[in-house]
Structure formats: C-alpha cells, structure tokens
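Participant: Mind folding the following:
(one chain, ligands or ions: 1)
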Amino acid sequence: MTERQTGDVSKYWSPTARSIEPYTPGEQPRDRRYIKLNTNESPYPPAPAVLEAIGRAADESLRLYPDPECEDFRTTVGRYFGLQGDQVFPGNGSDELLAFAYFAFFDPDAAEPILFPDITYSFFPVYASLFRIPFERVPLREDFSIPLEPFCRPNGGIVLANPNAPTGMCLSIDAVRSILEGNGNRVVIVDEAYIDFGGDTAAGLVPEFPNLLVIHTLSKSRSLAGLRVAYALGQAELIEGINRIKNSINSYTLDRLALAGATAAMKEESYYREMRGKITATRERVTGALVDMGFTVVPSRANFIFTSHPTEPAGSLFSSLRELGILVRYFNLPRIDNHLRVTIGTDAEMDAFLAALKRLV
Ligand SMILES: Cc1ncc(COP(=O)(O)O)c(C=O)c1O
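Facilitator: Residues are numbered from 1 along each chain as shown. Next comes the predicted model:
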C-alpha cells in the first residue's frame, strides 16, 4: 500500500512555481445563470459555416495528429492581410502566443527592462515574472491615454495592447509607427485583441518594420473564445523565432477542430462585420445611457467599456450587480479601483444591466 501524501505539497514546487503570481481569469460561474459581461466574449454565435466546418472535421481523422505547420490557416490569414503564410504564426489563444513571443524576443539578462503601461492587460507582467525578464510599468496619463515619449527610451522590448485593456482606449496608427521608429533594435509587440471593434490595425506595417509583432485573436470579434485560436503577424525572421520556441514546447498547439473552425471563420467576413456593427452600435447606445445616469465612460474602441460613478464605489456596484445576476469585471488595483469593465452584450442584456444600475445609483 502506498503511503497517503500529507502536509505541504508545495515542497515539490520549483522556486519559479513558488514565487510566481499567476494571472486570475474572469470567472466562468456554474452556480446560476448570469448575464455575463465580465470576460469580453461575443454575445453572438460563431458564423454557421464555422460550426459546419468543425462538424465536418469531427470524424475518424481525429486519430491523426493535426498539421503542425497549420498550413491552410496560415495561408488563409496571410491572404486576409495581404501577407505571406510565413508571416503568420498561429497559436492556442493570444495568451499562449504572448508567452512564446516573450520567450522568443525578450532577454532575462538584458541591461534594460521591457516596457508596458501601468494599466494594461494583467498577463503582461505575469509572463515577465515567469520568464524572469526585467520590466517597468510606464504610467498612463491621467485620462488613461498612452504617452509616447516614455516608450522611446532605452528598453528591452515593448508590449502594448491596442486598444488597451481594460480602458478600451486606442492609439492611432501614427502613434504605433512612431513607437516602432523609436525602437528599431527592439521587438514591439502590439496585442490587437480588440482591434476589430474600431481601431486601425498595425498589420499593414509588418512589411515595413522587422521589429513589429501584431497579435490577433478569434476569441472576441469572431465569437470563438471557446476554440482558443489566435495568430501573430510579423516578418518571416521574427515568426521563425517564435516557431523555434513553439517547437521546443509543443508541436501541435492547434487541434484539428480548432484549425477547421478558425480557417472557416477567417472567410466569413460579412457575417462578422455585421456582428461587430451590432456590438459597436450597442456600445455607443450604452455609453450614452451611462453618461445620462452620471457615469464617466472612457472612450472605447473595444467590445467593452470602462466606467465609473462619482459617488457609488465600483466595488460595491460590482457586488450588487452580481447579486442581481449580472457579472462585470472589477479590478481592485491602484488607479482603477473605482472603475468597472463591462463587456458589451446583446441589446437585451445591456438593457437589463442599465435597469439594474438605475436601481443601484
Ligand atoms: C488585451 C488582451 N489580450 C489577449 C487576451 C486573451 O485572448 P485569447 O483568448 O486569445 O487568449 C485578452 C483577453 O481578455 C485581452 O484582453
């Protein structure tokens, strides 16, 4: 009989596992039905052709490994952006891509830290800590806009979310260009998870800038958070750097169903354009309604809004909304602990959200 394990299991953990502070994803509750406005998923279903493609792929061929090169998907994405297949790197969600990119391009022994805004996607510092890459947080301006000058001083690389999360604010393409020009010797990662909701993508700058890596996800504007697919765009040499990391960890990051669904999704432009149009129209309507109720709303180019009320603390609004069956996201962090991040749902969901707020403020 084996002896039952008792005591501190963390004694088996590596120093890294002991010391890291992992990212906390927004909750995916199972206790009751919520109006779920907390993880920036799309409220609309994937295009019918996507579900059909996944259905067709669910056959006996699942006994075989998927294409490790993801050839069809890369060609389809390349065509979409007017790039070559070798300028596309597919990944199992942008979180994985970001991790690979940090590993591929940032140096733990560099004299200078990598830079990202103080208020941004909370995974950025997590990867830096995991890979022991020195980092520095650049303070956003008071209005949450991103200052350019502090990103053009000596550094070990730059990571930006554009539009930024959780603010939803967007840098212009000229601003991205000036950051790229100011950092010729360093990789600049632009995470464009929300770009389809109103920003200008930097994808067109890829042929011009060998130091640019743009990351897109199918989780938001293509309604496929459950499939876990994203891609990076960059010049072939940069992409090869990420491939070296991927092929040292997991050759098959995308399974057959994900490849089939994602490839189909990149071809369903008119369906997704319509869904994005609905989401952005709802965003503008809800923004107006919140302003009428006395809320401040940060101008958003994403599928969420970042909002605060002059007298009602965000933390208590978050808890009260939760009790009423509405989940939003609250970050108890410096500078943003009086804001709520609210994903744009369907019109009916947002009406319920506004009605609940009216009861609370
Ligand atoms: C800025 C940003 N990047 C990346 C992600 C993760 O995307 P994915 O689902 O592709 O891992 C998110 C998700 O919330 C995000 O807000």
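
Participant: Going by C-alpha atoms from here, please, whenever you check contacts or count neighbours.
Facilitator: Noted.

Participant: So which bits of the stretch 51-200 of the chain are right by the ligand?
Facilitator: Within the stretch 51-200 of the chain, the positions near the ligand by Cα under 6 Å from any ligand atom are G93, S94, D95, Y121, A161, A165, D191, A193.

Participant: Try it again at 8 Å.
Facilitator: Contacts of the stretch 51-200 of the chain with the ligand, taken as Cα under 8 Å from any ligand atom, map to 92-96, 120-121, 123, 161-166, 191-194.

Participant: can you give me the helices for the stretch 51-200 of the chain?
Facilitator: 71-81, 94-105, 123-130, 173-181 (DSSP state H, counting those that start in this stretch).

Participant: Other residues contacting the last one?
Facilitator: For helix 173-181, the surrounding residues in contact (Cα atoms under 8 Å, 6 or more residues apart in numbering) are L148, F151, C152, V188, D200, T201, A202, L205, F209, N211, L212.

Participant: and the first one, what does it touch?
Facilitator: For L148, the contacting residues are A175, S178, I179, taking Cα under 8 Å, 6+ apart as the criterion.

Participant: again, only this time at 10 Å
Facilitator: By Cα atoms under 10 Å, 6 or more residues apart in numbering, L148 lies in contact with V138, L140, L171, A175, V176, S178, I179, G182.

Participant: ditto for the last one
Facilitator: By Cα under 10 Å, 6+ apart, the contact set of L212 is 158, 176-177, 180, 183-184, 186-190, 202-203, 205-206, 233-235, 238.

Participant: what about 7 Å?
Facilitator: V187, V188, I189, V206, G234 (Cα atoms under 7 Å, 6 or more residues apart in numbering).

Participant: The fourth one now?
Facilitator: Listed by Cα under 7 Å, 6+ apart, the contact partners of V188 are G157, I158, V159, L180, N211, L212, L213.

Participant: neighbours of the nearest residue to the fifth one once chain neighbours are set aside, just the number please.
Facilitator: Leaving aside its sequence neighbours, N211 sits nearest to V187 (Cα to Cα, 6 or more residues apart in numbering; 4.6 Å). The burial metric for V187, expressed as a neighbour count using other Cα atoms under 10 Å, is 25.

Participant: Could you number the chain from 218 rather than 1 from now on?
Facilitator: Yes, from this point I'll number from 218; that puts the last item at V404.

Participant: measure V404 to D284 for me?
Facilitator: When distance is defined by Cα to Cα, to the nearest Å, V404 is 28 Å away from D284.

Participant: What ranges does the stretch 418-567 of the chain have for its strands?
Facilitator: Ranges of strands within the stretch 418-567 of the chain are 429-434, 447-450, 513-514, 521-525, 543-544, 546-547, 557-560, based on DSSP state E, counting those that start in this stretch.

Participant: hang on, the earlier thing: and which of the contacts of helix 390-398 is nearest P330?
Facilitator: Nearest to P330 among the contacts of helix 390-398, counting by Cα to Cα, is F368 at 11.3 Å.

Participant: who touches the residue sitting nearest the centre point of the chain in this structure?
Facilitator: Geometric centre of the chain, nearest residue: A410, 4.3 Å, by Cα atoms, centre = their mean. Neighbouring residues of A410 by Cα under 7 Å, 6+ apart: I432, H433, T434.

Participant: Of these - the most surrounded one?
Facilitator: That'd be I432 among the contacts of A410, by other Cα under 10 Å, with 31 neighbours.

Participant: rewinding a little: list only those of the contacts of L365 flagged as buried.
Facilitator: V355, L357, L388, V393, I396, G399 (16 or more other Cα atoms under 10 Å).

Participant: phi, psi of the third one?
Facilitator: According to degrees, to the nearest 10, the main-chain angles of L388 amount to phi -90, psi 140.

Participant: Repeat that for the second one.
Facilitator: Its backbone dihedrals place L357 at phi -70, psi 160, with angles given as degrees, to the nearest 10.

Participant: so where's the protein uncertain?
Facilitator: 218-224 (pLDDT under 70).

Participant: According to the record, where do the domains of it fall?
Facilitator: 235-263+487-577, 265-485 (automatic domain parsing).

Participant: Mean neighbour count, those: which tops it?
Facilitator: Most buried of those by mean neighbour count (mean count of other Cα atoms under 10 Å) is domain 265-485; its value is a mean of 19.

Participant: from the middle of its chain, how far away would that one be?
Facilitator: For domain 265-485, the separation from the chain centroid amounts to 9 Å (computed by Cα atoms, centre = their mean, to the nearest Å).

Participant: got the end-to-end distance for that domain?
Facilitator: End to end - Cα to Cα - domain 265-485 spans 9 Å.

Participant: Could you do stretch 428-442 as well?
Facilitator: For stretch 428-442, the first-to-last residue distance is 28 Å (Cα to Cα).

Participant: What of stretch 237-255?
Facilitator: This stretch, stretch 237-255, spans 25 Å end to end (Cα to Cα).

Participant: where does A234 land in three-state SS?
Facilitator: helix (DSSP: H, G, I helix; E, B strand; the rest coil).

Participant: Quick check: it vs L347, distance?
Facilitator: 9 Å.

Participant: contacting residues around the biggest helix by length in the chain?
Facilitator: Secondary structure of the chain per DSSP state H: the longest helix is helix 486-509. Contacts with helix 486-509, where a contact means Cα under 7 Å, 6+ apart, come from Y261, A264, F414, S438, R439, V514, N520, I561, D564.

Participant: and the residue of the stretch 318-467 of the chain nearest the ligand?
Facilitator: Using Cα to the nearest ligand atom, the single residue of the stretch 318-467 of the chain nearest to the ligand is T434, 4.4 Å away.

Participant: show me what contacts the nearest residue to S517 once chain neighbours are set aside?
Facilitator: In space, and not counting its chain neighbours, S517 is closest to G385: 4.4 Å by Cα to Cα, 6+ apart. G385 makes contacts with P516, S517, R518, A519, F521, I522, as judged by Cα under 7 Å, 6+ apart.
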